[in-house]
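**Student:** Provide a 3D model corresponding to the input given below.
(one chain, ligands or ions: 4)
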Amino acid sequence: MDLEGALRRAIREGELFLVYQPQVDTLTGRIVGLEALVRWNHPEEGLILPGRFLPVAEETGLVQAMGDWVLFEACAQIRRWRARFDLSIPVAVNVSGAQFRDGQLPAKVARALDANGLSGPELEIEVTESTLIDDVEAAAETLTALKRRGVLIALDDFGTGYSSLSYLHRLPIDKLKIDRSFIHDLSTGASDASVPRAIVGLGRSLGLSVIAEGVETQEQLQLLRDLACESYQGFLFSRPVPAEEVERLLEKLTAAH
Ligand code: G
Ligand code: G
Ligand code: MN
Ligand code: NA
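**Tutor:** Residues are numbered from 1 along each chain as shown. Ligands and ions are numbered 1, 2, ... in the order given. Predicted structure coming up:
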C-alpha cells in the first residue's frame, strides 16, 4: 500500500477519527480529563494505529494537515460535550515536534477554540520533553503564546528525555505525565518506585500536577496512591474509547452529582 497517498486521502475523505482515554483521580476514581488519540479507519485494511502512520505523516509533512484535523475535531467534540454535560474537564491533544516547531500552532489553536466558542482551559496540549529541549528558547515562546490563549500544557512521556531539569521552571507548563515505562517497571520489580516518586516530588515543588500513564494493575494504582500521585490513565480504568463510549462514562459521572 502507498501509505503516503492513502493517508493524504484519509485526511481529505474523513477516514480519521479520535478515541479518548479517561484520566482519573487516584483517590476518588473520578474522571478528571480525557486524552484524544487519532485512529485511521482504512476502507480495505480496517483499523490502522498511529504507530504505523505517524512516522509517514512526520516524514512527508502530512502531520500538519493531520494535526490540524485532530485539533479542530477535538475542539468541536469539546463544544458538543459542553452542550450536553454539566462538567468541565480538559481534553488533551498530542502535538508532534514538527507541528510544535512550525510557528503556526498558537494561531491554529486560537482559531480552533474561537470557532467553537471555547475559552482555553478546556483544551490541553501535550508535547514531549524531547520536542522542547531541541530549542528551549523557541519552545518557551510557543508555549507562552499558547498560555496567553489559556490552554493547558502537559509534558508527555516525562522522564525519558535527556532533560536538564533547569529548563522546567522557565517554561509555562501545567502538568507532567510520567512515562508509562516507569509505571510498567513498578510491578515487574525491574526497579523500585524512585523515578515516579522523584517526578511527583518535582511536580509538587514546581506547582505542577502529575499524572501517571499506562496504569494496568491495582497494585500499580496503590503504589501511586502511596506516592500521592494525583491522577492516572491506563487500561486499568479504560482503554482509549470512541466518543459515544465517553458519553456513557460522562452520563454516569454527571448522574452521580
Ligand atoms: O494509542 P496510541 O497507539 O494512540 O498512540 C501511539 C502514539 O501516537 C503515542 O505516542 C501518541 O502520543 C501518538 N498519537 C496519538 N494520537 C496522536 C495525535 O493526534 N497526534 C500526534 N502527533 N500524535 C498522536
Ligand atoms: O505517547 P502517548 O503517551 O501519548 O501514548 C499513549 C499511548 O499509550 C497510546 O498508544 C495508548 O493506547 C497507550 N496506552 C494507554 N494506556 C495504556 C496502558 O495501560 N498500557 C499500555 N501498554 N499502553 C497504554
Ligand atoms: Mn500523550
Ligand atoms: Na505519553
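**Student:** Nearest spatial neighbour of residue 182, chain-adjacent residues omitted?
**Tutor:** Of all residues not flanking residue 182 in the chain, residue 195 sits nearest, at 4.7 Å (CB to CB, 6 or more residues apart in numbering). C-beta: built from backbone N, CA, C; applies to glycine.
**Student:** Look up how far residue 159 lies from that neighbour.
**Tutor:** Separation of residue 195 from residue 159 (CB to CB, to the nearest Å): 6 Å.
**Student:** where's residue 138 relative to ligand 2, distance?
**Tutor:** 22 Å (CB to the nearest ligand atom, to the nearest Å).
**Student:** Okay, and that residue sits in which element?
**Tutor:** Per DSSP states H and E: residue 138 is located in helix 136-148.
**Student:** Residues touching that helix, excluding its own?
**Tutor:** Identification of contacts with helix 136-148 by CB atoms under 8 Å, 6 or more residues apart in numbering yields 100-101, 103, 105-106, 109, 125, 127, 131-133, 153, 167, 170-173.
**Student:** Show me how far it is from its chain's centre.
**Tutor:** Distance of helix 136-148 from the chain centroid (CA atoms, centre = their mean, to the nearest Å) equals 18 Å.
**Student:** do stretch 218-226 as well
**Tutor:** 22 Å.
**Student:** if you average pLDDT over it, what comes out?
**Tutor:** Mean pLDDT, computed over stretch 218-226, is 95.
**Student:** Stretch 81-99 now?
**Tutor:** The average pLDDT for stretch 81-99 rounds to 92.
**Student:** what do residue 195 and residue 159 both touch?
**Tutor:** Both residue 195 and residue 159 are in contact with 178, 182, where contact means CB under 8 Å, 6+ apart.
**Student:** Only the buried residues of the longest helix that the chain contains, if you could.
**Tutor:** Scanning the chain for the longest helix, with DSSP state H as the assignment, gives helix 62-84. Residues of helix 62-84 classed as buried by neighbour count (16 or more other CB atoms under 10 Å): 62-64, 66-71, 73-75, 77-78, 81.
**Student:** Please apply the same query to stretch 6-13.
**Tutor:** For stretch 6-13, burial by neighbour count (16+ other CB under 10 Å) applies to 6, 7, 8, 10, 11.
**Student:** who touches the helix or strand where residue 55 lies?
**Tutor:** Per DSSP H and E: residue 55 is located in helix 50-60. Helix 50-60 has contacts (CB under 8 Å, 6+ apart) with 3-4, 7, 37-40, 62-63, 66, 96-98.
**Student:** That one vs helix 62-84, what angle?
**Tutor:** For helix 50-60 against helix 62-84, the angle by axes from the mean of the first three to the mean of the last three CA atoms, to 10 degrees is 130 degrees.
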